[in-house]
Structures are given as structure tokens and as C-alpha cells.
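Novice: test case, fold it:
(chains A and B)
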Amino acid sequence: MATARTSYLRTGLIHLALISYTLIALFPVFLTLVNSFKTRNAIFREPMAIPTPSTFSLVGYETVLKQGDFIGYFQNSLIVTVVSIALVLLFGAMAAFALSEYRFRGNLLMGLYLALGIMIPIRLGTVAILQGVVAAGLVNTLTALVLVYTAQGLPLAIFILSEFMRTVSDDLKNAGRIDGLSEYAIFFRLVLPLVRPAMATVAVFTMIPIWNDLWFPLILAPGEATKTVTLGAQMFIGQFVTNWNAVLSALSLAILPVLVLYVIFSRQLIRGITSGAVK
Amino acid sequence: MSEADNPSDLAPIKRPFRWHILVFLAPAFLVYTAIMILPLIETLRLSLYNLVDGQTVFVGLTNFITLFSDPRLSASFWNALGNNLIFFVIHMLVQNPVGIALAAMLSVSKLRFATFYRTAIFVPTLLSFVIVGFIWKLILSPIWGIAPGMMDWVGLKWAFAPWLGKSESALITVSLISVWQYVGIPMMLIYAALLNIPDEVLEAAECDGITGWSQFWKIKLPLILPSIGIISILTFVGNFNAFDLIYTVQGALAGPDGSTDILGTLLYRTFFGFQNQMGDRSMGATIATVMFLIILAGVSLYLFVIQRRMRRYQF
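Specialist: Model (predicted):
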């Protein structure tokens, strides 16, 4: 009996601690979303209250949609993120396959070389990257961002994917070879479908830093036509500091896509992080 | 994939050149080399050059000597480095222990709602710095009164101050915001490590009467030490390369009075210039090189000293 009671107490305390931390984690997000739907007076008078019919207002969103080209920013972010992820997955999977499947001279060295980028941040090369981008005439283009993000995402992608590709059965690949499949067909038709879960994990990992990055858009593509959501929100908020409705609405608009994607992919993401640990 | 399985390794046969390996490797290798490695090397090289009479000439270590001896530059460099160290120490002291504690609680077997907690606590990690920075700026702002109002509820109103605006407290406040955002990463990695501990080990411990707290300290903690090493080095690299949060919360000048200036913001201002300060490419490259050396030193220390001494347990 005594042990049962202490274990209830312990579980209760654990829940209490976890609930408190969950509130700390979600409170600021909740506060932003809720207040973005209120009138200016209500934001200041009762910041914690949920919007009621009398305090409900969309004036912030109207300002955002009228003043800032947020649809354009979304489009830019979406293009940059999707194209970069596609390139990271394709190039990364190909390299990971070469490294995990074939034995050739320099295999280990190549693996180490490609893994360097996991530890050394690409940001430190910014001075020369900007020079190169200027020389290639790619300033203020989405291409520049895509190239940088592809390079940034590759090291971790190759590392994770080659771990997974080692687990694909050799018998299967050899059976394919006996049936006369080329090495390319083995990669695209046998191996890629089998590592799809790992690819999804890599995609989510690659997406978060790209979507949220402020440094490279600020430096390589600050022009109005190529602004990403993160940079657009940053600039917009800088201009409308005193218009709280507009600021909160802009923040909510920047949060939503990430939250939606997270809810869709959270299972995948968590499985990826705890991979091999699923019991 | 064991190497001796393949008979052709034992008796090397002259094979035709395997072009497909090259095709598989080339795109990743080229993009990575051209956009990541070469610019990095070029940046390191640029730190040895400077403009003299409009011409770029090799100046040896002069840039580094200027960085460390010029009264204005060296003052802001040492200030940024010191702040960065404090930024890192706060992460190590708050973010990682809190992350480990959360993971330890989540991994208690048969805990209900564990998935919900895990999902919710990870949300801030996904948000962009711009969002995080502004939300906290609004919450801590005396104008809106969320923070003072909440402290009033618990009778602590007297303790409220505009923390972000005072140079004594601004750095700690910004660091804690960053901790709030990133606590999900150590939590997840440690959680994964805890799940990897086989049940037999824990059952054996229970048979010996080691449960609860002492089980965590004596059995689980030693087993997850390698993961704690990994989160420490990830925190180190991330912190010495940080920029975005400070930039969105305190601006490029990292105010008030440079009290939140870290190496990332110093690099940005030096390279691009800000207000009445001219941008300086060579000095930017010099600071980037110093950051590179600091990160390299940290990573090497981890790889060659800490990781080798750490005992790993194979199950």
C-alpha cells in the first residue's frame, strides 16, 4: 500500500511539473494568436482574455495584407524551402548511397569531408559567399538562397541517410543485380522507396532552419521581390512597431504554417529523433 | 556489409572504372565544395589580406594584431567574446539540465499524455527567431504589462523591471529567451537515449533495490553521458554562431550599450557596417576566422579529449 501511494504521489508531481513547463512553452504562442484577433483597446485592457464578439477584430490582418506583400513572401519562402529540400534529399541520398554501398579508395575520407559541415557552420563563410554571389550576378535571387541552403543541409542529410542505407538488405540489392538492374535502377527503384521514412525525417530537419533563417535572406536577398516570410515579418514589424494589431497579426501569420506542418509531421519528426528507440 | 564477405576483395580483379559512383557523389560533392568549403577557405584567406591604397594586398597577421590591439575594436571584441561565454554558460547551466529533467520525467514508463507533453514542449524550437524575439519583447514590455501583471498575481510586482532595457540584466534575459526556445533539443536527444537503455538493465537495478532517484543518478545518468556530451558540443557550436535572436530582440547594435553583443552580431556590424560605421570586408573575415578557430577548438576538445575518455556501454 505504502509503495502504491508514493508512486501515485510521484506520478502526480511529474504531471504537475510537465504541465507547468508545457504552459511556459505554449503561453507566448497562445498570447500572440489570441490577441491578434482583438481590437486595440482589448489587447491592452485584457491581454489574457479570449476574444468575445465585442472585442473581436480583424483590423490587424487587414493592415498586414494591405501594407506588406505577405502572399509574395510566403511564395518566396515556399519556393526556397521546397526546392532546397528536394535538392538536399536527391543529392544527399545519392551521395549516401555511394558511401554506404560501394567500397572504393577514399570512401572514408570522403565521408569525413562531407561530415565536416555538420560541425562547422556555413555562416562563417558568409564574406566569401557574398563575394561569389555578387560575382555570379545572383544577388537578390532565390537561386542564391537555394544554393546556400542546399549546401547547408547536405552534410547532416548524408550522415543520417547513409546510416539508414546500411540497414537495407544486401540480398535484395544483389537479387536486383542478378535480374539485370543497373546500379541507378537499384538506387531509384529498390533503395529509395525503402528509406522513405528516413527521407521524411531529413526533410523536416532540413526545413526548420531554412524556413526560419534570417541571416542569409538579410545578406543575400533583401530586395522586396525576394523577401522570405521571416525577413518580411522582421521588416514589417520594424515599420509598424506601434501598431500592435498589425504586429501580432504578422507574427501569427508567420507562426501558422510552421504549426500546421508540425502537427502533420510531428510523429515523423519525433520518430526520426528517437529513431531506433521505438519499442 | 562486412568487408570479407565480398570475394573480389580477396583477389583484386581489374574492374572497369565504376562511373556510377562518381555520378552518385558528384552533385553533393560539387555543391558542398563550391558553396560551403571553398568560401570558408576563402574567408580564412581573406583575413590575411587588406585594402592598402585601394589594392588588396597580403598583410600577414596584421588584421589579427589590429583586432586585438586597436583600442575600439579590441574593446568590442573582448566584450563580445565575454558576453558569448556568459551566453554559453547560461545555456549549459539552464537549458541542458532542464532538458534532461524533462526527458527523465517523460521517459517514466506508462506516463499518460507523454506524447502531448513532448509535442507541446518542442513547439518553441520550431519557431523563427523573429517570432520568438518579438513575442518576448512584447511580453516583457512594461507598456503591455503582461509580465508585471502576472508577477502581480504572485505578489512579486516589486521585482519587475524592464529587463531587456537594462544593461545589467539584458544579456541574461536574452539568454533565457534562447533557452526557452531551444530546450526541446536536449530534451529530445536525451529522451531518445533514455529509451535506448534496455529494460533488463533497469530490471536488474530494481532487483537490487535501486529505484527512483538513485536509479536515475546511478544507472541512467552514466548511460546517457555520451548524449550529454553531444548536446554540450551542439550547444557550444550553436551559441558561438548565434546571431538572429540578439538581432531581432536588441537590434544590430546589441544594446543597451553593447551589453548583449556576441560574436555573431559583431561580425555582422563589422562586415556590413552599421549607421556611421563603415563595412570592412577584411576585418569581417578576420572575426569570422577567430570564430572558426574557437569553434574548431571546442569541437576538437570534444572529439579528441572528452569523447575518448567517455566510457561507452554496448548492449
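
Novice: tell me the domain ranges of chain A?
Specialist: A:2-61, A:68-239 (automatic domain parsing).

Novice: nearest to chain B, out of those?
Specialist: domain A:68-239 (3.5 Å; CB to the nearest CB). Glycine gets a C-beta too; all of them are placed from N, C-alpha and C.

Novice: that closest one spans what distance, first to last residue?
Specialist: From its first residue to its last, domain A:68-239 covers 10 Å (CA to CA, to the nearest Å).

Novice: pass me the low-pLDDT residue ranges in the chain, would you?
Specialist: By default, I'm working from chain A. Chain A contains residues with pLDDT under 70 at A:1-5, A:268-279.

Novice: actually, chain B is the one I wanted.
Specialist: In the predicted model, chain B carries pLDDT under 70 at residues B:1-14, B:276, B:311-315.

Novice: tell me how many other residues crowd B:Leu171.
Specialist: B:Leu171 is flanked by 23 other residues according to other CB atoms under 10 Å in any protein chain shown.

Novice: what's the nearest residue to it once chain neighbours are set aside in contact with, if anything?
Specialist: Spatial nearest neighbour of B:Leu171, chain neighbours left out: B:Thr260 (5.0 Å); criterion: CB to CB, 6 or more residues apart in numbering or on different chains. Counting by CB atoms under 8 Å, 6 or more residues apart in numbering or on different chains, B:Thr260 makes contact with B:Asn83, B:Ala170, B:Leu171, B:Val174, B:Ile246, B:Val249, B:Gln250, B:Ala254.

Novice: A:Arg177 now?
Specialist: A:Arg177 neighbours (CB under 8 Å, 6+ apart): A:Ile186.

Novice: quick one: the helices in the stretch 101-250 of chain A?
Specialist: Taking DSSP state H, counting those that start in this stretch as the test, the helices found in the stretch 101-250 of chain A are A:107-119, A:126-135, A:142-165, A:170-178, A:183-185, A:192-194, A:196-212, A:215-220, A:229-239, A:244-273.

Novice: returning to that earlier point: identify, out of the domains of chain A, the most deeply packed stretch.
Specialist: Comparing the domains of chain A by mean neighbour count (mean count of other CB atoms under 10 Å in any protein chain shown), domain A:68-239 comes out on top with a mean of 19.

Novice: just list the residues touching residue 67, thanks.
Specialist: All of this refers to chain A. By CB under 8 Å, 6+ apart, the contact set of A:Gln67 is A:Phe236, A:Gln239, A:Phe240, A:Ala246.

Novice: sorry, should have said chain B
Specialist: B:Leu73, B:Ser74, B:Phe77, B:Met283, B:Thr286, B:Ile287, B:Val290.

Novice: okay, and it sits in which element?
Specialist: B:Leu67 is located in helix B:62-69, with elements delineated by DSSP states H and E.

Novice: how about that helix: buried residues?
Specialist: Across helix B:62-69, burial judged by 16 or more other CB atoms under 10 Å in any protein chain shown covers B:Asn63, B:Phe64, B:Thr66, B:Leu67.

Novice: between the one helix or strand A:Ile14 maps to and helix A:244-273, how big is the angle?
Specialist: Here A:Ile14, judged by DSSP H and E, is contained in helix A:2-35. Relative orientation of helix A:2-35 versus helix A:244-273 (axes from the mean of the first three to the mean of the last three CA atoms, to 10 degrees): 140 degrees.

Novice: and the next helix or strand past helix A:2-35?
Specialist: helix A:40-45.

Novice: return the distance of that next one from the chain's centre.
Specialist: For helix A:40-45, the separation from the chain centroid amounts to 34 Å (computed by CA atoms, centre = their mean, to the nearest Å).

Novice: do the same with stretch A:234-243
Specialist: The answer for stretch A:234-243 is 24 Å, by CA atoms, centre = their mean.

Novice: does that stretch come close to chain B?
Specialist: Yes - counting by CB under 8 Å from any CB of the partner chain, chain B has neighbours in stretch A:234-243: A:Gln234, A:Ile237.

Novice: can you list contacts of that stretch?
Specialist: Contacts for stretch A:234-243 (CB under 8 Å, 6+ apart): A:60, A:63-64, A:67-68, A:70, A:214, A:218, A:227, A:246-247, A:250-251, B:130, B:134, B:248.

Novice: go through the contacts of A:Gln67 and name the one nearest A:Thr52.
Specialist: Taking CB to CB as the measure, A:Thr52 lies nearest A:Ala246 of the contacts of A:Gln67, at 21.2 Å.

Novice: list the contacts of the nearest residue to that closest one once chain neighbours are set aside.
Specialist: Nearest residue to A:Ala246 in three dimensions, chain neighbours excluded: A:Thr63, at 4.1 Å (CB to CB, 6+ apart). By CB under 8 Å, 6+ apart, the residues touching A:Thr63 are A:Phe240, A:Asn243, A:Asn245, A:Ala246, A:Ser249.
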